[in-house]
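S.K.: whatever this is, show me its structure:
(2 chains)
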2 protein chains.
Amino acid sequence: MQIDRERFLGAMDKQSDIGGTEGGGLHRLTLSDADRRARDWFLDQLEAEGLDTRIDEFGNMFGRRAGTEPDAEPVLVGSHLDSQPYGGIYDGALGVVAALEFVRTLNEQDIATRRPVEIVNWTNEEGSRFQPAMQGSGVWAGAHDIEQEYASTDADGNTLEEALEEIGYRGETPAEPQEAYDSYLELHIEQGPNLDEADKDVGVVTGMVAFMWGSITFRGEANHSGSTPMHHRSDALVAAADVITAIRRIPGTLGPSTVGTAGYVDVKPNSINVIPGEVTFTWGFRDPDDDVVAEAAERVLQEAEAAAKREGVDWEWEERMEASSVDFAKRTVDAVQTAADDLGYDSMQLVSGAGHDATHLASICDTAMVFSVSEDGKSHSEVEYTNPDDCYKAADTLANAALTLAEPVAE
Amino acid sequence: MQIDRERFLGAMDKQSDIGGTEGGGLHRLTLSDADRRARDWFLDQLEAEGLDTRIDEFGNMFGRRAGTEPDAEPVLVGSHLDSQPYGGIYDGALGVVAALEFVRTLNEQDIATRRPVEIVNWTNEEGSRFQPAMQGSGVWAGAHDIEQEYASTDADGNTLEEALEEIGYRGETPAEPQEAYDSYLELHIEQGPNLDEADKDVGVVTGMVAFMWGSITFRGEANHSGSTPMHHRSDALVAAADVITAIRRIPGTLGPSTVGTAGYVDVKPNSINVIPGEVTFTWGFRDPDDDVVAEAAERVLQEAEAAAKREGVDWEWEERMEASSVDFAKRTVDAVQTAADDLGYDSMQLVSGAGHDATHLASICDTAMVFSVSEDGKSHSEVEYTNPDDCYKAADTLANAALTLAEPVAE
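M.R.: Predicted coordinates for the structure are as follows:
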């Protein structure tokens, strides 16, 4: 099956105008007016293709194309149309537009499939306006309680429930699977440099890394920076800096795929002339192997203990978030790999370092992902870029893998 | 000459009620209503002692006791009545009350001096509400332009000039010396642990440390914390942490009195899930020796250069403030030392790590300071404490040193 390159790239252009920024990016925060317009556009496309559309209570949007065996478990394909603030035009949207192009091609080429095919736009994948990220797919997959997520608020104090109603996308269908699903496929930009660095056409994602996030607070003594001798200090920032350099060092001792980051720091009183009395900072580690993440977390706490003793400060920590690694089902990964091979694309298997809606879907049905090349690995920024060839190859791979899973019926 | 211990400690109690906090500290920000009431109280005391009072254009308050030789260069003694927010009751006030007690004792014991004696309360030593610190003495000594300092604003946008007029303490006298001064003496709490640690009665301050403050900004690349491999990162926070640990290390390689502090950190975008793209932090070094401070500053910039190279980030720095060390005149230091010795107090000579009004006065006339013990070195906090004995010994030393400088006239 061959998708229509011009139609597909044209649809990518079209969607990128909705909430597009002067800098060539996308500012389409979830449930904003721009998101509403992108949803309206998507809904029009679903209806134009004659799909059976439904919107669930959490705003997740589905379009269903019947299979020759109506009760067969469907194949679900999709991603998200919301963006980061001043983010890129590919993150999420590429996967939704590729899913749409898959169905358009089925229709255009009059290809019947045994299984029904559904395409989906998940609500609030980004987690910028409302937290957590991957919220719509998480509710749908049963990872979150819908009432609790309805109550999540943005910076202006609006609840998600109000925002959904405001843009008219609080639907009627329960936000949960109404039947068993055969499989879920998602195309997404890599958001990392591995494919670009290895000069590959497309990525075959075999799973998601495990991760653990936490915060550490050191409490020392705020004192005059001039009259307090060095040996009388209990400097919370020095202890924090010690651990931050350790976070840079720890991944290199554990594995080639381990990453560790300190992203947030809060210093009190934060004055040029006062020894910092209290510092809170966050840490996070990711690795395909759960044990490696646990080891990294253990080491960072050992480093915190040692730094606290050296500096004479108290310390405590709390866990912020944790997720085990996800291994996608062999059957779905193989479908993606076979499609890439059959299309003659140079591919690479990799584990996703970022979370995606597919993380939640993997608890529902066999799941896999296609990664497109991210130039220089940049994303969550207006400079995010995937060239048209790479967009096309990833969409082509997705469509052919999905077709295999949906089981084409010979006429 | 023996001062009146009960009268002196009673006056300390009295002043500590004006702007006193429930926590036993003082919240008497410069030119606040509490400061006005403290000034009113001080003015009453000056007048009750029959002093010739004047208030200058910058709110500095003087009381003069004539000498037997009216045109002799006067001896000036004082400190400041303003406090840190929720600061202690000794910082500044102890020196003003001790100066007052000196003049009261002269009057009570009918001691004539050849030189006139002036006591002073300087405006805005603390620099909490309006910047910079030591503002009144700085204007008076010619280190700052009065118009520029009038224009300095507090957090609510009030100018210092407005605040002075609001509390009725913008005086008529030009804010500058109207004649040559013989000497300046100031009693202040140490605000450091050296006297307490060495179990001394009183400190003889021989000068002020040199200091240099600067800020460093690292600019790397904000990227996804999950999908960016460690070797693709340009993490501005890791570079900053490197330098902050170096700031902890550098003083120990330079000298026993060197101190170095990173007090302020600003991280962008400061999100748990994003590699920090930009970090600005401040550094400061102090030492009695100007060359040591210059060496420390050079080393911190070398560390920044090395950290920037390691992490692949850009960097720049700017100087925030610099001051050369001050060596007090031997004559005035000797007067303090002799007074302490004659009174049988166990004293120690030391260099002040904090700035004081005496810093500016040293450019005008021979200057010295008396330090009282600070329990555990704590200050700028409600727990700041100097026990009554130590308050008395320091005031006793100040009075006797000042008397020597003022040259008592035999009846």
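S.K.: stretch A:12-30: end-to-end distance?
M.R.: With Cα to Cα, to the nearest Å as the measure, stretch A:12-30 spans 18 Å from end to end.
S.K.: give the rounded mean pLDDT of it.
M.R.: Here stretch A:12-30 scores 96 as its mean pLDDT.
S.K.: report the buried residues of stretch A:85-96.
M.R.: Residues of stretch A:85-96 classed as buried: A:Gly87, A:Gly88, A:Ile89, A:Tyr90, A:Asp91, A:Gly92, A:Ala93, A:Leu94, A:Gly95, A:Val96 (neighbour count, 16 or more other Cβ atoms under 10 Å in any protein chain shown). Yep, even glycine has a C-beta here, placed from its N, CA and C like the rest.
S.K.: in TSV: those, plus distance to chain B, pLDDT and secondary structure.
M.R.: Below are the buried residues of stretch A:85-96 laid out as TSV (distance: Cβ to the nearest Cβ, whole Å; pLDDT from 0 to 100; DSSP: H, G, I helix; E, B strand; the rest coil):
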residue	distance to chain B	pLDDT	secondary structure
A:Gly87	11	92	strand
A:Gly88	12	94	coil
A:Ile89	17	97	coil
A:Tyr90	14	98	coil
A:Asp91	10	96	coil
A:Gly92	14	98	coil
A:Ala93	17	98	helix
A:Leu94	15	98	helix
A:Gly95	15	98	helix
A:Val96	20	98	helix
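S.K.: JSON lines for the residues you listed, including distance to B:His356?
M.R.: Output for the buried residues of stretch A:85-96, formatted as JSON lines (distance: Cβ to Cβ, whole Å):
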{"residue": "A:Gly87", "distance to B:His356": "53"}
{"residue": "A:Gly88", "distance to B:His356": "56"}
{"residue": "A:Ile89", "distance to B:His356": "60"}
{"residue": "A:Tyr90", "distance to B:His356": "60"}
{"residue": "A:Asp91", "distance to B:His356": "57"}
{"residue": "A:Gly92", "distance to B:His356": "60"}
{"residue": "A:Ala93", "distance to B:His356": "63"}
{"residue": "A:Leu94", "distance to B:His356": "64"}
{"residue": "A:Gly95", "distance to B:His356": "65"}
{"residue": "A:Val96", "distance to B:His356": "66"}
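S.K.: identify, from those residues, the entry nearest to B:Met369.
M.R.: Nearest to B:Met369 among the buried residues of stretch A:85-96 is A:Gly87, at 58.5 Å by Cβ to Cβ.
S.K.: contacting residues around A:Ala99?
M.R.: A:Val77, A:Gly78, A:Ser79, A:Ile119, A:Val120, A:Leu187, A:Leu398, A:Ala402 (Cβ atoms under 8 Å, 6 or more residues apart in numbering or on different chains).
S.K.: go again using 7 Å as the cut-off
M.R.: A:Val77, A:Gly78, A:Ile119 (Cβ atoms under 7 Å, 6 or more residues apart in numbering or on different chains).
S.K.: which SS class is it?
M.R.: Secondary structure, DSSP: H, G, I helix; E, B strand; the rest coil: A:Ala99 is helix.
S.K.: chain B contacts on the stretch 301-411 of chain A?
M.R.: Near chain B, the residues belonging to the stretch 301-411 of chain A are A:Arg320, A:Gly353, A:Ala354, A:Gly377, A:Ser379, A:His380 when assessed by Cβ under 7 Å from any Cβ of the partner chain.
S.K.: report the contact partners of the residue nearest to the fourth one when sequence neighbours are not counted.
M.R.: What sits nearest to A:Gly377 in space, not counting adjacent residues and going by Cβ to Cβ, 6 or more residues apart in numbering or on different chains, is A:Pro193, at 3.1 Å. Under the criterion of Cβ under 7 Å, 6+ apart, the neighbours of A:Pro193 are A:Asp376, A:Gly377, B:Pro229, B:His232.
S.K.: could you give the number of residues near the third one?
M.R.: Neighbourhood size, B:Pro229 [other Cβ atoms under 10 Å in any protein chain shown]: 17.
S.K.: what's the answer for the second one, then?
M.R.: Number of residues near A:Gly377 (other Cβ under 10 Å) recorded here: 23.
S.K.: what sits against the residue of chain A positioned farthest from its centre?
M.R.: The C-alpha centroid of chain A is most remote from A:Ser227, which lies 49.8 Å away (Cα atoms, centre = their mean). Residues in contact with A:Ser227 (Cβ under 7 Å, 6+ apart) are B:Glu190, B:Gln191, B:Gly192, B:Gly353, B:Ala354, B:Gly377.
S.K.: okay, the residues you listed in a markdown table with secondary structure, pLDDT and distance to A:Glu166 next?
M.R.: Shown next, in a markdown table, are the contacts of A:Ser227 (DSSP: H, G, I helix; E, B strand; the rest coil; pLDDT from 0 to 100; distance: Cβ to Cβ, whole Å):
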| residue | secondary structure | pLDDT | distance to A:Glu166 |
| --- | --- | --- | --- |
| B:Glu190 | coil | 96 | 62 |
| B:Gln191 | coil | 94 | 56 |
| B:Gly192 | coil | 93 | 59 |
| B:Gly353 | coil | 93 | 58 |
| B:Ala354 | coil | 91 | 56 |
| B:Gly377 | helix | 91 | 57 |
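S.K.: for ChimeraX, write a command that selects the buried ones of those.
M.R.: Buried members of those, defined by 16+ other Cβ under 10 Å, are picked up in ChimeraX with:
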select /B:190,191,192,353,354,377
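S.K.: A:Val267: what secondary structure?
M.R.: Relying on three-state DSSP, one would call A:Val267 strand.
S.K.: for chain A, longest helix please?
M.R.: Criterion DSSP state H: the longest helix present in chain A is helix A:290-311.
S.K.: how about A:Tyr184, what does it touch?
M.R.: A:Leu76, A:Ala358, A:Leu361, A:Cys365, A:Thr367.
S.K.: and of those, the nearest to B:Val267?
M.R.: A:Ala358 (30.8 Å).
S.K.: show me the contacts for the closest one.
M.R.: A:Tyr184, A:Glu186, A:Thr367, A:Met369.
S.K.: at 10 Å what do you get?
M.R.: A:78-79, A:95, A:134, A:137, A:184-188, A:205, A:207-208, A:326, A:328, A:332, A:352, A:367-369 (Cβ atoms under 10 Å, 6 or more residues apart in numbering or on different chains).
S.K.: got the CA positions of stretch A:280-288 in CSV?
M.R.: This file holds the C-alpha atoms of stretch A:280-288, laid out as CSV (Å, rounded to 0.1, in the frame of the first residue of the first chain):
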residue,chain,number,x,y,z
THR,A,280,15.3,22.1,47.0
PHE,A,281,16.1,20.5,43.6
THR,A,282,14.8,17.7,41.5
TRP,A,283,16.4,14.7,40.0
GLY,A,284,15.3,12.2,37.4
PHE,A,285,16.8,9.0,35.9
ARG,A,286,15.7,6.9,32.9
ASP,A,287,16.9,3.7,31.5
PRO,A,288,15.4,0.8,29.5
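S.K.: that stretch near chain B at all?
M.R.: Yes - residues of stretch A:280-288 are located near chain B by Cβ under 10 Å from any Cβ of the partner chain, namely A:Phe281, A:Thr282, A:Trp283, A:Gly284, A:Phe285, A:Arg286.
S.K.: what distance do you get for the nearest residue to A:Ala297 once chain neighbours are set aside to A:Val75?
M.R.: Excluding its sequence neighbours, the residue lying closest to A:Ala297 (Cβ to Cβ, 6+ apart) is A:Met212, at 5.0 Å. Separation of A:Met212 from A:Val75 (Cβ to Cβ, to the nearest Å): 33 Å.
S.K.: neighbour count: those two, which is higher?
M.R.: A:Val75 (31 against 21).
S.K.: so which residue of the stretch 301-411 of chain A comes closest to chain B?
M.R.: A:Gly353 (3.8 Å; Cβ to the nearest Cβ).
S.K.: wait, isn't that residue in contact with A:Val209?
M.R.: Yes - using Cβ atoms under 10 Å, A:Gly353 is in contact with A:Val209, at 5.4 Å.
S.K.: for stretch A:259-275, buried residues please.
M.R.: Result for stretch A:259-275 [16+ other Cβ under 10 Å]: buried residues A:259-267, A:270, A:272-275.
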